[in-house]
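Student: structure, please.
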Amino acid sequence: MARQLNLIIIRILISLTSRSRTFQQYSINNCLFHMKGIKNIPT
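Tutor: Okay, the predicted model is just below:
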């Protein structure tokens, strides 16, 4: 439920920020962060 909602929000964010590569990469990392449920993202 909540996970599907997060994926929808993340897809919207990626769509809105598709022109900015930095924001797009941030959105992708944020997506991986929520999907894996980890506390720290290696950069």
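Student: now name the helix or strand holding residue 31.
Tutor: Per DSSP states H and E, residue 31 falls inside helix 21-36.
Student: could you measure from the residue lying closest to residue 10 once chain neighbours are set aside over to residue 9?
Tutor: Closest residue to residue 10 in three dimensions, ignoring its sequence neighbours and counting by CB to CB, 6 or more residues apart in numbering: residue 31, at 4.5 Å. All C-beta spots, glycine's among them, are computed from the backbone N, C-alpha and C. The gap separating residue 31 from residue 9 is 10 Å, by CB to CB, to the nearest Å.
Student: how about residue 33?
Tutor: Distance of residue 33 to residue 9, computed by CB to CB: 13 Å.
Student: between these two, which contacts overlap?
Tutor: Listed contacts common to residue 33 and residue 9 are nil; contacts here mean CB atoms under 8 Å, 6 or more residues apart in numbering.
Student: which helix or strand contains the residue nearest to residue 28 when sequence neighbours are not counted?
Tutor: Nearest residue to residue 28, sequence neighbours excluded (CB to CB, 6+ apart): residue 14, at 7.0 Å. Element membership for residue 14, per DSSP H and E: helix 2-16.
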